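Participant: below are the sequence and a predicted model; questions follow.
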Amino acid sequence: MSIKKRLLIIDAALLAFLVFVCSFLLIYVTTVSQKESLKNELLQRVLSVSEQLVDPNGNIDYSANIDYFYDNIYISVHKEDGTYITGSMPDNYIETPLSDRELTEVDGYYYYDLKLSLKSKGVRYLRGIIPNNTSLSSIVLIFLAIIVPLLTIAAIILNYFLIKRALSPINELNNEVNLITSSIDFSKEIKITSNDPDVKQLETSFNKMLIRLKNLFESEEELTSDISHELRTPLSVILGETEYALECNDEKEIIESLKVILKESNQMIRITKELLEFQRMKNHDNISKENLNISMILEEMNIINEKNIKLIKRIKPNIYLDINETLFIEMIQNLLDNASKYGKENGTTILELTDNEIIVSDDGIGIKKEDLNKIFMRFYQVDKSRTNKNSLGLGLAFVNQIAKLHNFTIEVESEFTKGSKFIIKFNK
Ligand code: ADP
């Protein structure tokens, strides 16, 4: 059931409940006040008849001109034992013991007795009786029977339009989302005309979700194209070698082919692993960070090298930063690995830490100016023939991604054939 229908039903139910409670209260209050006025009328009438019947000296005068049935009130005079003397009583009168100044309710009538102490004739009782037939006034009846239902219906119709209007931004949002979903274009932005803060918040959340979806789709597409691009070469080598081995009769050649196939298969496993790792990191939005002493971390790092490169450390002690330790180490290690890969035989690499930056510099082959802005791209390798066979061109893309996740910026300065300098700025 739609929210609109549900709201309308809740609204109508609440309204009906309110109308019921108010009508009940109205009827109750009207009835109670009517009963009170009936009792008062009866009391007044009995007292007034007693004054007409008995003179100030205590003598009763039955000949007095008294209306024993007046204004729906019956008045009768009784002896102490209840014997009727004179007056008027309803047809369905029920005899009950007489009392003094007490109001009782008997079978749809109010009875009120008054004891008269007479001078000569002893005690007499005056009994007043009024039917207890309360009825709602015509105004109240019209109000309850016509006006209340009409007002309720009018309120429900009015609410229907109010709810429809209040929910119109949701419909707008729904249309926008449907439009984007059907076009599968996540670069679009949702724009709502309403200024309602709740709807605005919903709009912001949807747009954030769209950005996230767009990034995920793009990275998914990149991964697919990267995998197909990177696996094409080893796969064609494997195919060629397999076809050759199947047709070849020379055992030695077959073994050679199998070796090539094994090597290329291992390369494929490595490529897939690295690509998946890179993908995982790209999809990270938030990484867990701790405030750690990076001076100590850097002091423990080393250069892996076959070229006898000397690593000099100029590390300012006790520098603390919010970092993800594993990713941070991976970032620096990648830079040190490159310094070793592209450094010169017996050269020097310097690892420096100041309050605001980390610098990794080497005196290796350097990078040409035109390549400087490309080296952080995935799979970019300046000179494939000079690069290690195990290199994929993903190392600096990793470094860049990790730096971004830490809100660091990375700069590179290099002079071809002289050396390179990678600077990571903390942006504290
Ligand atoms: P890989 O080292 O796997 O090729 P990287 O992304 O780490 O990939 O580096 C991309 C390219 O940038 C490398 O192929 C290399 O040409 C160049 N490069 C990176 N670091 C250095 C460096 N310290 N000195 C010279 N060239 C470098």
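Facilitator: Arrived safely.
Participant: buried residues, stretch 257-265. List them.
Facilitator: 257, 260-261, 264 (16 or more other C-beta atoms under 10 Å). Just so you know, the C-beta spots here come from the backbone N, C-alpha and C atoms, and that holds for glycine as well.
Participant: check stretch 240-250 too.
Facilitator: 241, 245.
Participant: what does that stretch rub up against?
Facilitator: Stretch 240-250 is contacted from outside by 253-254, 257-258, 260-261, 264, using C-beta atoms under 8 Å, 6 or more residues apart in numbering.
Participant: gap between whichever residue of the stretch 301-428 of the chain sits closest to the ligand and residue 342?
Facilitator: Relative to the ligand, the nearest point of the stretch 301-428 of the chain is residue 395 (2.6 Å; C-beta to the nearest ligand atom). Distance of residue 395 to residue 342, computed by C-beta to C-beta, to the nearest Å: 11 Å.
Participant: residue 88: neighbour count?
Facilitator: 14 (other C-beta atoms under 10 Å).
Participant: I'd say it and residue 72 touch.
Facilitator: No. Contact criterion C-beta atoms under 8 Å: residue 88 and residue 72 do not qualify, at 11.2 Å.
Participant: circling back to that earlier point, contacts only, for the residue of the stretch 301-428 of the chain closest to the ligand.
Facilitator: 334, 337-338.
Participant: give me that answer again for 6 Å
Facilitator: residue 334 (C-beta atoms under 6 Å, 6 or more residues apart in numbering).
Participant: repeat that for the one 10 residues further on.
Facilitator: With contacts taken as C-beta under 6 Å, 6+ apart, residue 405 has the following neighbours: residue 287.
Participant: cool, the one 3 residues further on as well?
Facilitator: The neighbourhood of residue 408, defined by C-beta under 6 Å, 6+ apart, consists of 424, 426.
Participant: quick check: phi and psi on it?
Facilitator: phi -90, psi 160 (degrees, to the nearest 10).
Participant: now residue 122
Facilitator: Dihedral angles for residue 122 - degrees, to the nearest 10 - are phi 80, psi -130.
Participant: now do the strands in the chain.
Facilitator: 69-70, 73-79, 84-87, 102-106, 109-117, 123-131, 290-293, 310-315, 320-323, 348-353, 357-362, 409-415, 419-425 (DSSP state E).
Participant: out of the contacts of stretch 240-250, who's nearest the ligand?
Facilitator: Out of the contacts of stretch 240-250, the member with the shortest distance to the ligand (by C-beta to the nearest ligand atom) is residue 264, at 18.2 Å.
Participant: least confident of the buried residues of stretch 257-265?
Facilitator: Confidence by pLDDT is poorest for residue 264 among the buried residues of stretch 257-265, given 90.
Participant: skip the chain neighbours and tell me the closest residue to residue 378.
Facilitator: Nearest residue to residue 378, sequence neighbours excluded (C-beta to C-beta, 6 or more residues apart in numbering): residue 397, at 4.6 Å.
Participant: I'd say that neighbour and residue 379 touch.
Facilitator: No. Using C-beta atoms under 6 Å, residue 397 makes no contact with residue 379, being 7.9 Å away.
Participant: which one of these two is surrounded by more residues?
Facilitator: residue 397 (20 against 12).
Participant: for the protein, identify the residue most remote from the centre.
Facilitator: residue 120 (90.2 Å; C-alpha atoms, centre = their mean).
Participant: for that one, grab phi and psi.
Facilitator: Torsion angles, degrees, to the nearest 10, at residue 120: phi -100, psi -40.
Participant: quick one: name the residues of the protein near the ligand.
Facilitator: Within the chain, the residues that sit near the ligand (C-beta under 6 Å from any ligand atom) are 338-339, 341-342, 362, 364-367, 375, 380-382, 387, 391-397, 420.
Participant: which of those fall in helices?
Facilitator: 338-339, 341, 395-397 (DSSP state H).
Participant: adding distance to residue 233, write the residues you listed out as JSON lines.
Facilitator: Compiled in JSON lines, these are given as follows (distance: C-beta to C-beta, whole Å):
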{"residue": "338", "distance to residue 233": "23"}
{"residue": "339", "distance to residue 233": "28"}
{"residue": "341", "distance to residue 233": "21"}
{"residue": "395", "distance to residue 233": "19"}
{"residue": "396", "distance to residue 233": "21"}
{"residue": "397", "distance to residue 233": "19"}
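Participant: if we can go back for a sec, among the residues of the chain next to the ligand, the buried ones, what's the ChimeraX command?
Facilitator: Selection of buried members from the residues of the chain next to the ligand for ChimeraX, criterion 16+ other C-beta under 10 Å:
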select :338,339,341,342,362,364,365,366,367,375,381,382,392,393,394,395,396,397,420
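Participant: can you tell me the closest non-neighbouring residue to residue 217?
Facilitator: residue 186 (6.2 Å).
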